[in-house]
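1. Pasting the sequence and the predicted coordinates here, then a few questions.
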Amino acid sequence: MHFQWYPGHMTKAKRMMQENIKLIDLVIELVDARIPISSRNPDIDELGKHKARLIVLNKADLAQDKYNDAWMEYFQEKGYAVVKINAKKGSGMKSIQGVIAQACKEKIERDRKRGILNRPVRAMVVGIPNVGKSTFINSLAGKACTKTGNKPGVTKGKQWIRLNKNVELLDTPGILWPKFEDQSVGLKLAFIGSIKDEILQTEELVCRLIAFLKEYYRGILAEKYEVTESEDDYECLKAIARCRHCLLQGDVLDTEKAARLMLDDFRNGRLGKITLEFPQESY
């Protein structure tokens, strides 16, 4: 299965970000805590060089706690400010303002020495599609400032949001990059929903997810769907279809429907806390 999704608005969005970066003090990059490396657009490091940087591990509630902590240490060692949050439920959000101030301490001090007082920190919020940028901004602002959705591509244009007298945010559309050099990155992005499901082969995708869970999270499938994990991946999918009563006319198993249901279970945490990539692989 080959993964690629780069609609036209992403080219426009990247150009807009390049034009606005000169106005920015801080780049806040949201990543998905389940895949902190694969959910980072490699273009962001070039775009944000010479700017203060904050990595936000969003959806941390869906990933294993021990790996969230390990990923925080990984990024801190590389010089980033880091926080872990669940923007949807608000956990971890209270620490953001303090972290922004700390990350921009040098800029604030430079302004003070020049006699520039009370100029707000301007932060650009960036990230790939469906990583939760709009939910993050709305949670931080305490009100609905931006559209949200559980599908990639909801935000199409830029939008300035004044949080308070100290911080202004520039919301940007989620952008991927034109070509995945490593197709395993595309696979993980497809798992979490950052590539449109409509262009994916769902049964094949879920068979790959089943293979991963059998290797790294043995027992989860057996407990959730009463399947025999020693069976091959497609047989496991058929067993999941039987467990979830996914049937077509004539009692034929509807493996396509079962695949969609399992993908939804994974994405919404109903299979438990699952991390898809591990810090030791990235050193």
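-> Everything's here; your move.

2. Is it correct that Phe278 is in contact with Tyr67?
-> Yes. Counting by CB atoms under 8 Å, Phe278 does reach Tyr67; the two are 6.3 Å apart. Glycine gets a C-beta too; all of them are placed from N, C-alpha and C.

3. Next secondary structure element downstream of the longest helix along the chain?
-> Longest helix in the chain, counting residues (DSSP state H): helix 202-216. Next along the chain after helix 202-216, taking DSSP states H and E as the criterion, comes helix 220-225.

4. which helices and strands does that following helix pack with?
-> helix 202-216, helix 233-243 (3 or more CB pairs under 8 Å, 6 or more residues apart in numbering; DSSP states H and E).

5. Just to check, Ile137 is in contact with Glu168?
-> No. Using CB under 8 Å, Ile137 is not in contact with Glu168, being 11.3 Å away.

6. tell me, what's touching those two both at once?
-> Ile161 (CB atoms under 8 Å, 6 or more residues apart in numbering).

7. Tell me where the stretch 51-200 of the chain has helices.
-> 65-77, 96-103, 105-113, 133-141, 183-192 (DSSP state H, counting those that start in this stretch).

8. What average pLDDT does the third one get?
-> Read it as helix 105-113. For helix 105-113, mean pLDDT is 86.

9. Identify each buried residue in that helix, please.
-> 107-108, 111 (16 or more other CB atoms under 10 Å).

10. Could I get the residues you listed in TSV, plus columns for distance to Asn268?
-> What follows is the buried residues of helix 105-113, written out as TSV (distance: CB to CB, whole Å):
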residue	distance to Asn268
Lys107	39
Ile108	39
Asp111	43
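
11. between those, which is closest to Val126?
-> Nearest to Val126 among the buried residues of helix 105-113: Lys107, at 18.1 Å, using CB to CB.

12. Would you list the phi and psi of the closest residue to that closest one other than its chain neighbours?
-> Excluding the flanking residues, the one nearest Lys107 by CB to CB, 6 or more residues apart in numbering is Asp25, at 5.1 Å. Here is the backbone geometry of Asp25 (degrees, to the nearest 10): phi -100, psi -30.

13. ok, Asp25 - how many residues close by?
-> 21 (other CB atoms under 10 Å).

14. same thing with the one 3 residues further on?
-> Other residues near Ile28 come to 28 when the count uses other CB under 10 Å.

15. can you tell me how far it sits from Lys59?
-> 15 Å (CB to CB, to the nearest Å).

16. What is the subsequent helix or strand relative to the helix or strand of the chain with the lowest mean pLDDT?
-> Every helix and strand of the chain was ranked by mean pLDDT, DSSP states H and E. The lowest is helix 8-20, at a mean of 70. For helix 8-20, the following helix or strand on the C-terminal side (DSSP H and E) is strand 26-32.

17. just for the stretch 151-283 of the chain, where's the confidence low?
-> 151-158, 176-181, 281-283 (pLDDT under 70).

18. how many other residues sit next to the residue lying closest to Thr135 once chain neighbours are set aside?
-> Nearest non-adjacent residue to Thr135, counting by CB to CB, 6+ apart: Ala87, 4.4 Å away. As a burial measure, Ala87 scores 25 neighbours (other CB under 10 Å).

19. can you check the one 4 residues further on too?
-> For Ser91, the tally of surrounding residues (other CB under 10 Å) stands at 14.

20. how far away is Leu221 from Ser184?
-> Noted for Leu221: a distance of 21 Å to Ser184, by CB to CB.

21. which of the two has more neighbours?
-> When Leu221 and Ser184 are compared for neighbours, Leu221 comes out ahead with 24 against 13, by other CB under 10 Å.
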